[in-house]
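# missing the sequence, but the structure's below:
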């Protein structure tokens, strides 16, 4: 009897020891797990508790104050992507193709100044003075880099939607390009009035543009002179490279060149709505490819061709090209080509081209220029 009791006591001790060991192991494991969880960053921690959590693309932009001012009865916003330090370029555009025009509002989209080579404080003061003087600058809170151009693209949509949702049309372009803004303004004016009688030059030399627009739905209009179809996907590094985890296919989705595209505010709203739910880790950091390609694809819209021309000359002869090509609408300046010449000679290219553009629209005859 005594042996039986001793055996039971020994068995109970062993059982209690096993239970205690299990408890200690359990506490040790979860203490370690808890320590690991505390060491995770915010995004990783969210994934531990919600495997479906996604960080979305967001533009940092102050929408409490409208620093760029349009008129409520304008029918077109031409928004121009510009670098914050391009003061001279913006000024020459204001005096040439971006000069005041009834029905058209010109706005510059810029980023934040950064870099060891700049006196950031004094440049920002200069920029603030420029903004107060001209009321045509929207500044996003993202550093000026090539990749951050995607933020400028979407910021333009956000700003216009916030302050001027009812201006029916928008045209996107860059400050290193020379634009026949009269043709671009005509496109918006035609949709609003259905009248082309005041534009003799366009109706005579580009009747195809007029007929194309007459057959188009003005509410879903999303067009460019330079659609890019079947463009190979860049690999192997560099600013045009796209990781296979983002886009594994050989060709990019159709997109339009950043030289310029024209859209209705309904297309704007679709792109903007889609951008708000676009996963940050799926962004393609190439401005035109993302905005008019990947974002457009996700929004189920497509930028297609309209009969206007673009040219990128090797030398500073945009004025000659505008004189000799009546449907030329966008010309790449020497700034865009990255070629030599003084800064003032490059500004002269804008001035000479604008003189030709104005002249050709004020005359029923083609202008000839000695090139």
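Nice, thanks for sending it over. Small disclaimer: the values here were computed from a predicted structure and weren't measured. Residues are numbered from 1 along each chain as shown.
# how near is residue 68 to residue 149?
Taking Cβ to Cβ, to the nearest Å as the criterion, residue 68 is separated from residue 149 by 18 Å. (Each C-beta comes from the backbone N, C-alpha and C, glycine too.)
# please apply the same query to residue 318.
Residue 318 sits at a distance of 23 Å from residue 149 (criterion: Cβ to Cβ).
# my guess is residue 225 contacts residue 311. True?
No. With contact defined as Cβ atoms under 8 Å, residue 225 and residue 311 do not form a contacting pair (10.2 Å).
# neighbour count: residue 318 and residue 149, which is higher?
Between residue 318 and residue 149, residue 318 has the larger neighbour count (other Cβ atoms under 10 Å), namely 27 against 22.
# identify the residue spatially nearest to the more buried one, adjacent ones excluded.
Sequence neighbours aside, residue 331 is the residue nearest to residue 318 in space, at 3.8 Å (criterion: Cβ to Cβ, 6 or more residues apart in numbering).
# returning to that earlier point: mutual contacts of residue 225 and residue 311, please.
Overlap between the neighbourhoods of residue 225 and residue 311 consists of residue 330, taking contacts as Cβ atoms under 8 Å, 6 or more residues apart in numbering.
# more neighbours: the two, which one.
For residue 225 versus residue 311, the count of surrounding residues by other Cβ under 10 Å is larger for residue 225: 21 against 16.
# who's in contact with that one?
259-260, 305-310, 329-330.
# closest one of those to residue 183?
residue 329 (5.0 Å; Cβ to Cβ).
# tell me which helix or strand that closest one sits in.
Using DSSP states H and E, the element containing residue 329 is strand 328-332.
# now do the next helix or strand after that strand: everything it contacts.
Beyond strand 328-332 on the C-terminal side, the first helix or strand identified by DSSP H and E is helix 334-337. By Cβ under 8 Å, 6+ apart, the list of residues contacting helix 334-337 from outside reads 89, 174-177, 312-316, 340-341, 345-346, 349.
# count the residues that sit near residue 227.
Here the count is done by other Cβ under 10 Å, and residue 227 has 17 residues near it.
# repeat for the one 3 residues further on
Residue 230 is flanked by 8 other residues according to other Cβ under 10 Å.
# that one contacts residue 250, doesn't it?
No. The pair residue 230 and residue 250 does not pass the contact test of Cβ under 8 Å, sitting 9.3 Å apart.
# and the average pLDDT for whichever strand or helix holds residue 263 is what?
Using DSSP H and E, the element containing residue 263 is strand 261-264. Per-residue confidence for strand 261-264 averages out to 98 on the pLDDT scale.
# quick check: next helix or strand after it?
helix 265-275.
# that next one packs against which elements?
Counting contacts by 3 or more Cβ pairs under 8 Å, 6 or more residues apart in numbering; DSSP states H and E, helix 265-275 packs against helix 149-163, strand 169-174, helix 295-298.
# quick one: contacts of whatever helix or strand comes next after that helix?
Per DSSP H and E, the first helix or strand lying C-terminal to helix 265-275 is helix 287-289. For helix 287-289, contacts defined as Cβ under 8 Å, 6+ apart pick out 81, 149-150, 152-153, 252, 255-258.
# quick one: the residue nearest to residue 318 from residue 351, how far?
Taken as Cβ to Cβ, the span from residue 331 to residue 351 is 13 Å.
# show me the contacts for residue 178.
When contacts are counted by Cβ under 8 Å, 6+ apart, residue 178 touches 96-97, 318, 322, 330-333, 349-350, 353-354.
# please work out the average pLDDT along the host helix or strand of it.
Assigned by DSSP H and E, residue 178 belongs to strand 177-179. Per-residue pLDDT values across strand 177-179 average out to 98.
# secondary structure class for the spatially closest residue to residue 153 that is not a sequence neighbour?
Closest residue to residue 153 in three dimensions, ignoring its sequence neighbours and counting by Cβ to Cβ, 6+ apart: residue 291, at 4.0 Å. On the three-state scheme (DSSP: H, G, I helix; E, B strand; the rest coil), residue 291 is labelled helix.
# which residues are contacting the strand holding residue 263?
Residues from elsewhere that reach strand 261-264, judged by Cβ under 8 Å, 6+ apart: 168-172, 184, 187-188, 218-224, 271, 292, 303, 306.
# again, 6 Å this time
Contacts with strand 261-264, where a contact means Cβ atoms under 6 Å, 6 or more residues apart in numbering, come from 169-172, 187, 219, 221-224, 292, 303.
# and stretch 300-320, by the same measure?
By Cβ under 6 Å, 6+ apart, the surrounding residues in contact with stretch 300-320 are 178, 208-209, 212, 222-227, 256, 259, 261, 267, 270, 292, 321, 325, 327-332, 334, 349, 352-353, 356, 369, 371.
# for stretch 350-370, same thing?
Taking contacts as Cβ under 6 Å, 6+ apart, the residues outside stretch 350-370 that touch it are 92, 96-97, 178, 180, 182, 200-201, 318-320, 322-323.
# can you give the distance of that stretch from its chain's centre?
Mean C-alpha position of stretch 350-370 versus that of the full chain (Cα atoms, centre = their mean, to the nearest Å) differs by 31 Å.
# report the buried residues of it.
Buried positions in stretch 350-370, judged by neighbour count with 16 or more other Cβ atoms under 10 Å: 350, 352-357, 360, 367.
# and for stretch 246-254?
In stretch 246-254, the ones that count as buried by 16+ other Cβ under 10 Å are 247, 252-254.
# closest one of those residues to residue 75?
Minimum distance to residue 75 across the buried residues of stretch 246-254 is 27.4 Å, recorded for residue 254 (Cβ to Cβ).
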